[in-house]
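A.B. asks: Sequence first, then the predicted structure, then my questions.
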Amino acid sequence: MLVSMAEILKDAKKRNYGVAAPNIFNKETIEAAYEAADELKSPVILDFAGLKDQEIITEISKYYERKYPHVVAALNLDHGGSYEEIVAAIRAGFTSVMIDRSKLPYKQNVEEVKEIVKIAHHVGVSVEAELGHVGMGYEYESTRDSGLTKPEEAINYIEKTGVDCLAVAVGTSHGTYSGEPHLEFELLEKLNSMIDIPLVLHGGSGTGDENLKKAVKIGIQKVNLFTDLSNAGLGVLKDYLMIDRTKMEHDRELGEFGNKNANLIETFLKGTEGYKQALKHYMTLFESNGKC
């Protein structure tokens with residue numbers, strides 16, 4: 001069933017586990033996320049970012065909600081930009097939205113997030129926001145320290161905005177790291193001790209199992225993932241496509257789908273299987289398996 005992300009993360013905080021939030025973008029990735037959650041009895045948060053067709057994503061998610069009624073999932077707009085985009089996601093049926101104003105001055109960040117919280121909460125949709133700023137991996141060495149979250153500022157921010165969960169910057173980065181990731185675990189411990197609402201970690205990919213497992217144990221309830229899942233899918237796909245096309249055969253009895261070496265249908269399935277297995281790895285790492 002599709003529920004508010006706040007509902008999922010409150011349980012994760014109470015029982016000290018993390019929830020994987022894979023970026024989904026089509027039928028195949030949504031299906032893979034539901035299958036992984038069903039097989040491991042784990043909650044899952046479907047993050048959708050930067051693309052159009054929010055209505056289509058909602059309808060596909062609702063289809064798999066009916067197919068897997070016991071899976072507990074949230075459909076979250078990740079890094080929501082314009083006011084119009086966020087409102088459109090709420091209208092489309094998203095159960096959570098993340099409004100990203102982390103690059104704005106603090107006062108403007110608060111004002112814009114507070115407005116979205118009023119709208120979202122009125123219709124039962126939870127809100128995630130970011131304080132501090134998680135940059136891109138290619139600029140890691142130059143931007144890592146400048147965006148770290150300030151604990152006292154975070155408390156004030158939560159009180160003024162009313163957000164349901166907070167994405168904090170503690171040393172991770174989006175995409176592929178330039179250099180070795182170094183997390184500020186003491187900062188995370190302090191944030192966790194001072195903040196009552198669930199905490200979110202952006203830039204989970206490439207951070208390393210040991211770092212992520214420790215972050216979850218200290219106080220992270222949601223971990224955003226895409227690059228690692230994408231790379232895992234590409235790895236399986238590359239292995240599948242390593243064929244000698246000069247020796248490709250065709251089975252006449254199977255008609256147009258009878259290519260014994262490769263076909264587009266199986267190509268999609270192979271790539272998505274790699275994505276799914278990587279997601280299951282993280283669900284187990286964060287100890288969300290068996291929680292539903």
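C.D. replies: On my side now, so go ahead. The structure displayed is predicted, hence computed values, not measured ones.

A.B. asks: where's stretch 98-118 relative to the chain centroid, distance-wise?
C.D. replies: Using C-alpha atoms, centre = their mean, to the nearest Å, the mean C-alpha position of stretch 98-118 is found 20 Å from that of the whole chain.

A.B. asks: model confidence over it, on average?
C.D. replies: Throughout stretch 98-118, pLDDT has a mean value of 95.

A.B. asks: For that stretch, buried residues please.
C.D. replies: For stretch 98-118, the neighbour count (16 or more other C-beta atoms under 10 Å) marks 98-102, 109-110, 112-114, 116-117 as buried. Glycine gets a C-beta too; all of them are placed from N, C-alpha and C.

A.B. asks: Count residues in the vicinity of residue 158, would you?
C.D. replies: Residue 158: 19 surrounding residues under other C-beta atoms under 10 Å.

A.B. asks: Kindly report the same for the one 3 residues further on.
C.D. replies: Residues contacting residue 161 under the criterion other C-beta under 10 Å number 24.

A.B. asks: helices or strands next to the strand or helix carrying residue 116 in the packing?
C.D. replies: Per DSSP states H and E: residue 116 is located in helix 106-122. For helix 106-122, the packing partners by 3 or more C-beta pairs under 8 Å, 6 or more residues apart in numbering; DSSP states H and E come out as helix 83-92, strand 96-99, strand 126-131, helix 151-161.

A.B. asks: State the mean pLDDT of the very next helix or strand once past the last one.
C.D. replies: Okay, so that is helix 151-161. Going down the chain from helix 151-161, the next helix or strand is strand 165-168, by DSSP H and E. Here strand 165-168 scores 96 as its mean pLDDT.

A.B. asks: Which strands border strand 165-168, and is each parallel or antiparallel?
C.D. replies: Sheet pairing for strand 165-168, assigned by DSSP bridges, gives strand 126-131 (parallel), strand 199-201 (parallel).

A.B. asks: So which residues lie in contact with it, not counting its own?
C.D. replies: Contact partners of strand 165-168, identified using C-beta atoms under 8 Å, 6 or more residues apart in numbering, comprise 5-6, 9, 98, 102, 126-132, 134, 149, 154, 157-158, 188, 191, 195, 197-202, 221-222.

A.B. asks: got the buried residues for stretch 204-217?
C.D. replies: Under the neighbour-count criterion of 16+ other C-beta under 10 Å, stretch 204-217 has 204-207, 211-213, 215-216 buried.

A.B. asks: what does stretch 185-194 give?
C.D. replies: 185, 187-188, 190-192.

A.B. asks: Identify all contacting residues around it.
C.D. replies: Outside stretch 185-194, the residues touching it (C-beta under 8 Å, 6+ apart) are 148-149, 151, 154-155, 168, 170-171, 199, 214-215, 218-220.
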